[in-house]
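Undergrad: just need the structure, nothing else, for what follows:
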Amino acid sequence: MTLSSEIFDYLDTLSPAALALDWDNSGLQVGSRNAPVRKILVALDPFEDVCREAVAMGAELVITHHPLFFNPIKSLTDESAVGRAAVILIQNNIGLYSCHTNLVPYMLWLHVRPGRAR
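TA: Numbering: from 1, shown residues only. Below is the predicted model:
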């Protein structure tokens, strides 16, 4: 079985956390670094419907481009969209990992690399 830390280590080879801008909140947002993972849902944003889809498909990890948390958290309740998404993940023991500004250099390389089919 694969541990979430192994997945995070691999993602760090593609988009090193050190490349994230200072204001960014890339990386593990919800969950454990040592959780067993069999299914992953990949999405652009960690919206509530994405989190519900992860539950429905039995995913243990959601990987997104945009983070769930940008600003300091003052409360984590089901009274906000961010709170509802986080609650769904936490209640279902699903991790959330985001590759935001640290992923941009890799995405640019994919478009300009030598031998790219055009």
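Undergrad: ranges for the helices of the protein?
TA: 4-14, 48-57, 81-91, 104-112 (DSSP state H).
Undergrad: end-to-end on stretch 73-91?
TA: Using CA to CA, to the nearest Å, one end of stretch 73-91 lies 18 Å from the other.
Undergrad: centre of the chain to it, how far?
TA: 16 Å (CA atoms, centre = their mean, to the nearest Å).
Undergrad: what sits up against that stretch?
TA: Applying CB atoms under 8 Å, 6 or more residues apart in numbering, the contact partners of stretch 73-91 are 30-31, 46-48, 50-52, 54-55, 62, 68-69, 94-96. Just so you know, the C-beta spots here come from the backbone N, C-alpha and C atoms, and that holds for glycine as well.
Undergrad: can you name the two of those that are farthest apart?
TA: Within those, Val55 and Phe69 form the most distant pair, 19.6 Å apart (CB to CB).
Undergrad: re the thing from before, among the contacts of stretch 73-91, show me the least confident.
TA: Within these, pLDDT reaches its minimum at Phe69, with 90.
Undergrad: pretty sure that one contacts Leu28?
TA: No: contact between Phe69 and Leu28 fails when scored by CB atoms under 8 Å: they sit 11.0 Å apart.
Undergrad: buried ones among the contacts of stretch 73-91?
TA: With burial judged by 16 or more other CB atoms under 10 Å, the buried subset of the contacts of stretch 73-91 is 30-31, 46-48, 50-51, 54-55, 62, 68-69, 94-96.
Undergrad: surely Pro67 and Cys99 touch.
TA: No: at 9.2 Å, Pro67 does not count as touching Cys99 under the criterion of CB under 8 Å.
Undergrad: check contacts around Arg33.
TA: Counting by CB under 8 Å, 6+ apart, Arg33 has contacts Leu3, Ser4, Ser5, Phe8.
Undergrad: top of those by neighbour count?
TA: In terms of neighbours by other CB atoms under 10 Å, these top out with Ser4 at 20 neighbours.
Undergrad: residues contacting that one?
TA: So Ser4 contacts Leu28, Gly31, Ser32, Arg33, Asn34, Ala35, Pro36, Val37, Glu60, Leu61, Gly95, Tyr97 (CB under 8 Å, 6+ apart).
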